[in-house]
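Sequence first, then the predicted structure, then my questions.
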Amino acid sequence: MSRNRLFAATAVLALATLTGSCDCGSGSVTGDDPASGDARVPAPDSDYILVPPPDTGSSRGCTTSSECAGETCFAGICCHAAAAVCGSVCCAAGTTCLFNQCVTPGKACYTAAECGSDEYCETALGIGPAPGDPVDAGLCTQPPPQTGRCLARPAVCSPGVDAACVRACEYRPDPEAALDAVPRWSWGPVAETFPDYTDIWSTPVVGRLFDSNCDGKVDELDPPNVVFVSGNAAGTCCGCLKAADGGVLVPSTCHTGVLRALDGQSGRELWSLDKLPGSNGFMGLSLAIGDLLPDPAEPRMEIAAITAEGFLVLVSGSGELLKKSDLPIPNAEATSSFGWGGGLAIADMNGDGKPEIAFGPHVFSLETGDLLLKFTGRGGTGGSSALSTFADIDGDGLSELVVGKAAFHWPDGAVVWVRTDRPIPAADGGVGKVFPEGFPAVADLDQDGEPEVVVVAAGHVFILRGSDGSNAVAPLLLEGADVTGGGPPTVADFDGDGKPEIGVAQELVYFVLKPTVPAPGQISGVRVLYRKPNHDLSSSVTGSTVFDFEGDGRAEVIYGDECFLWVFDGEKGGVRFATSRTSFTATEASLVADVDGDGRAEIVLVSNGASPSGWKCLDAQGVPVEVDGVTWQPGPTASKAYRGITVFGDRAKGWVGTRALWNQHTYHVTGICDDRDSACPASSHYGQIPSHEPKSWSKPWTNNFRQNVQDEGVFDAPDPTVSVSAECSDPLRITVAVRNAGQASRPAGVAVAVFVEEAGGTRQIATTSTTRALLPSQTELLIVELEAGSGDLAFHAKIINDPAHPTFHECRTGNNRSETIVAPCPE
């Protein structure tokens, strides 16, 4: 046994119908070609209870092959092949052994979407990768998909029930522990293409758009992508540098961005589009994504962006131009700061299944098939850095466009309401000022089932009634704030009391505000729950987002200023995580989504190369600034700035699950569908823009704004288990089956050690790890080949995961060692 070879089998296996008496689990299986019955699955762990198998096998016992009437005696069972031995029975032809059960596979499939609602796609029972023409390996970041067969999915046990189901598999993070955030990947400060264009001053979008495995589809087998516009602001803010070349004005750097898409698992650059024909580039504002050109036969999301000339364009997930608007946004090209901030928003305003796209008061429609500028609302614009949103604020069943101080109807932009009064008291600097332009958010703050519109503008927070725009409570001056600023608001339950609060960034302070609600429909005041120091001396309008990392009902704040990314404790404001960055701070926000498709949350941090001394991350003597006990660390560029994207995740992947979606700056979960949750009707597909958007304020779990969240399964965890089997061959083949018996995906890299049990003790003979992500129920086969003469030895395998420094969290650890086996050689 001095020589061994280790490799991964091409098949993966999954879970057959079973019950469980364990803390979390379900079973897993291994197998090959279902038609031949040549599947062999290692015996399950002893604490799994199986549903009685169907009558598809024989169970003739034997001591020698002479007793088997033409068959062979394998381990006391007469059978036509060793691989067909399934516990105490021999599987008949046309069946396969899954978890000691002989089962008949169902129809062919690639994903669970092609199976029944109570089935999953068992890719181990297929015939390998999907057929098709050769593909460019440089474009395919994932292996080709494997065909499979549909099998019954075990139900999850209800509390107190043990029959014909599997136990829930959950891991609950400690809400009092520090956020152990570590970088997963980074992109920048220099790119593969257009290397100097790595400054990001807008909020990225996240979703599955690119066919990463080159199977002609975009589905759950493709990881999410991170899509954004990056530029070169030359160490200052875009629009701040107006250069001339030979007397000809060079376009603003706000207008010359590159549209890019990255692989969410690795950060690899998939494609970059610097400009479209006849254009100077892309505006650096926040994009939007969704299924904008619905095709029932092939649902896919598209990217909405604005060109340097102000035209709205739709781009495919592979970077191809699909649509261009008939007209540009008025004055966009002529405004050097256009593209400095703001973003696009998406909704279906008229319920025809063809979404509308807005920037500020400008609404574009696809109702005719062409991309047309439908209307421009009058009375409120949101400014050149507008962040409008859609919601049915008047209860007529259709979404209205909300731009802050005004709201507009479909189809002609008729005014729902507009504020033209002067609501700011003279003591707050409001003499002679009409209602200012601002940033909106929509939620039910007074618990009466109707929406309020939160508007942040001119250093104030306004809470307006959605139905008519009137004040629900007097405007609140953010104490000590710059009266011209205030960032886009968030709404979430920060303190865990089941009621929403408001978060907003300002010049030197981040505020969390709590409305006082004495009775439903009444807001008697707004108080400061807490205020946290920050460093935003320039724009003072930077965005933020919200996420509940531990699922304890108290959402954390994710906020980036000029020098730092902060994660604040939602209830009390303590710093749970901080890291350095640089930014001239437009309206951008870092965000949380399932970026790599592993079912766990990650943080997406954006940076741009604003001069650290110019934006005072370094003082006049070159000393790094310190804020709230955190000292800024210089970046990797010559100027000491940061540029690009960094994705952070929990070191042991312990943060709760969330959506693999973030589709616009004014993100709210009912604005785009995920077929894994109930935000949209059950018939909706991933990335769909609902024709009649559900009212986000109507359910507690969706009554928020700029928070990523899912309704159930947030604590779902993986449960890797291991089994071994041996094939009596020369050389001896030991098959190690690593299966995910949990309810969440487990990424590649589960380490396994293989041991031989000898007279002198146990000796490790190999170490390996899984090479692919294991979805719930799936298994990967790893094979060790040993030289001849080893058949009389016993073997076992063990998953390596140091409990003191785990590489991943699982719902239980008691099933991480396999049973001991020997090869079933003929007798």
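Structure's in. What do you need?

which ones are touching the residue lying closest to residue 105 once chain neighbours are set aside?
In this structure, residue 105 finds its nearest non-sequential neighbour in residue 149, 3.4 Å apart by C-beta to C-beta, 6 or more residues apart in numbering. (Glycine included, C-beta is placed from N, CA and C.) Contact partners of residue 149, counting by C-beta atoms under 8 Å, 6 or more residues apart in numbering, are 34, 105, 106, 107, 108, 109, 121, 122, 125, 126.

mind redoing it with 6 Å?
Neighbour list for residue 149: 34, 105, 106, 122, 125 [criterion: C-beta atoms under 6 Å, 6 or more residues apart in numbering].

now residue 153
When contacts are counted by C-beta under 6 Å, 6+ apart, residue 153 is found next to 118, 119, 120.

again with residue 218
208, 211, 300.

mind checking the SS state of it?
Assigned by DSSP: H, G, I helix; E, B strand; the rest coil, the conformation of residue 218 is coil.

Residue 387 against residue 664, yeah?
No - with contact defined as C-beta atoms under 6 Å, residue 387 and residue 664 do not form a contacting pair (9.1 Å).

quick one, which of these two is more surrounded?
Remark: of residue 387 and residue 664, residue 387 carries more neighbours, 31 against 27, as counted by other C-beta atoms under 10 Å.

wait, is the more buried one part of a helix?
No - checked against three-state DSSP, residue 387 lies outside a helix; its state is coil.

and it, what does it touch?
Counting by C-beta under 6 Å, 6+ apart, residue 387 touches 342, 343, 439, 488, 665, 666.

Tell me the buried residues within these.
Those of these that meet the buried threshold are 342, 343, 439, 488, 665, 666, by 16 or more other C-beta atoms under 10 Å.

if I look at the closest residue to the third one other than its chain neighbours, how far off is residue 502?
Same thing as residue 439. Once flanking residues are discounted, residue 439 sits nearest to residue 488: 4.0 Å by C-beta to C-beta, 6+ apart. Note on residue 488: its distance to residue 502, by C-beta to C-beta, to the nearest Å, is 11 Å.

Tell me which stretches of the stretch 651-800 of the chain form strands.
Counting by DSSP state E, counting those that start in this stretch, one finds strands in the stretch 651-800 of the chain at the ranges 720-727, 732-740, 751-758, 761-769, 779-786, 794-800.

partners of the fourth one in the sheet?
Using DSSP bridges, the neighbouring strands of strand 761-769 in the sheet come out as strand 751-758 (antiparallel).

now the angle between strand 720-727 and the strand it pairs with, please.
With axes from the mean of the first three to the mean of the last three C-alpha atoms, to 10 degrees defining the directions, strand 751-758 sits at 40 degrees from strand 720-727.

Tell me the gap between strand 751-758 and the middle of its chain.
36 Å (C-alpha atoms, centre = their mean, to the nearest Å).

Pull out the buried residues from it.
Within strand 751-758, judged by 16+ other C-beta under 10 Å, the buried ones are 751, 752, 753, 754, 755, 756.

any idea how far residue 756 is from residue 731?
14 Å.

ok, residue 68 - how many residues close by?
Neighbour count for residue 68, taken as other C-beta under 10 Å: 20.

wait, what's in contact with it?
Under the criterion of C-beta under 6 Å, 6+ apart, the neighbours of residue 68 are 62, 78.
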